[in-house]
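Trainee: no letters, just coordinates:
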């Protein structure tokens, strides 16, 4: 799980072009949106595209996928769950 | 009739963008918006000198959003589809929004594809009393992919001038002034920037 979380941080930084942020600076439990990384709605769409591109996970309804984007840890758990099912 | 003066001018290229530090999320913008934003920042204008709803923004997107449109179109075959972020920049006027947000400017704005009329439109905005000052930006982005398609040289640059009613700027805006980049060459106070 930890390696997946670290991988996710790198992919988030790359896909959202977050300059001046390193993977080490992203807290596993920090909110991705609002406070924390301060991402916005366009970033959410970019993350959905990244999930499909990198992990083959398709989120058709953003509202349905919203809980998965709470934090890096929750997103990693979500990906693991999808892989297992 | 009030005279209109050019109070600041700047010209930036893609090389300037690479070295620029304009904030954490600048990398999310398309190249045209990055250039436009950097050109405006490089003017060094104090926007507090006017009420922010009395400052207009006029953008001449010389090649529209063609470069970004093409990048977005090329992304159609990627798993997950083209970048949603890129989609936001497939309108030539997006750079105006980025400038307005960054500098909290709420005056009228205008985007034209081409350049011939942009200075006269800005002049009219001031003369009609809709604004006291106007940012005029010319953005020209031809990526190598586009250059190959249309058989021209690639380029990525933006020029900006700040027009104000009255004052004692770099020089007066003349009726026959048409090209922002030419004005930048003549009266560039700051050639930028990193």
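Mentor: Received the coordinates, thanks. In this text, all values refer to a predicted model and were calculated from it rather than measured experimentally.
Trainee: so what's residue B:41 scoring on pLDDT?
Mentor: We note a pLDDT of 94 for residue B:41 in this prediction.
Trainee: mind telling me what element it is part of?
Mentor: helix B:31-42 (DSSP states H and E).
Trainee: sheet partners, orientation included, of the next helix or strand after that helix?
Mentor: The helix or strand immediately downstream of helix B:31-42 is strand B:55-61, counting by DSSP H and E. In the sheet, strand B:55-61 lines up against strand B:109-113 (parallel), strand B:133-142 (parallel) (DSSP bridges).
Trainee: and stretch A:57-64, what's buried?
Mentor: Within stretch A:57-64, the residues scored as buried using 16 or more other CB atoms under 10 Å in any protein chain shown are A:57, A:59. Bear in mind the C-beta positions are built from the backbone N, C-alpha and C, glycine included.
Trainee: residues making contact with the helix holding residue B:41?
Mentor: With contact meaning CB atoms under 8 Å, 6 or more residues apart in numbering or on different chains, helix B:31-42 is reached by B:10-14, B:16-17, B:20, B:22, B:26, B:29, B:59, B:61, B:65, B:67-68, B:89, B:92, B:94-95, B:98-99, B:102-103, B:135, B:137, B:139, B:141, B:143, B:156-160, B:190, B:192-193.
Trainee: among those residues, which lie within helices?
Mentor: Per DSSP state H, helices hold the following members of the contacts of helix B:31-42: B:14, B:16, B:17, B:67, B:68, B:94, B:95, B:98, B:99, B:102, B:103.
Trainee: give me every residue that touches the fifth one.
Mentor: If I follow you right, that is residue B:68. B:30, B:31, B:32, B:86, B:89, B:90 are the contacts of residue B:68 under CB under 8 Å, 6+ apart.
Trainee: quick check: the fifth one touching residue B:28?
Mentor: No. Applying CB atoms under 8 Å, one finds residue B:89 not in contact with residue B:28, separated by 9.2 Å.
Trainee: and chain B, is the helix or strand bottoming out on mean pLDDT in chain A touching that?
Mentor: Across the helices and strands of chain A, mean confidence by mean pLDDT, DSSP states H and E is lowest for helix A:62-65: a mean of 78. No. On the criterion CB under 8 Å from any CB of the partner chain, helix A:62-65 is out of touch with chain B, staying 10.7 Å away.
Trainee: ok now that helix, how far from the chain's centre?
Mentor: Relative to the centre of its chain, helix A:62-65 is centred 13 Å away, using CA atoms, centre = their mean, to the nearest Å.
Trainee: ranges for the helices of chain A?
Mentor: Assigned helices in chain A, in chain order: A:2-16, A:41-55, A:62-65, A:72-84 (criterion: DSSP H).
Trainee: which strands or helices does the shortest one pack on?
Mentor: Applying 3 or more CB pairs under 8 Å, 6 or more residues apart in numbering or on different chains; DSSP states H and E, we find helix A:62-65 packed against helix A:41-55.
Trainee: and the helix it packs on, which residues are buried?
Mentor: A:42-55.
Trainee: can you narrow these to ones near chain B?
Mentor: Among the buried residues of helix A:41-55, chain B is touched by A:42, A:43, A:45, A:46, A:48, A:49, A:50, A:51, A:52, A:53 when using CB under 8 Å from any CB.
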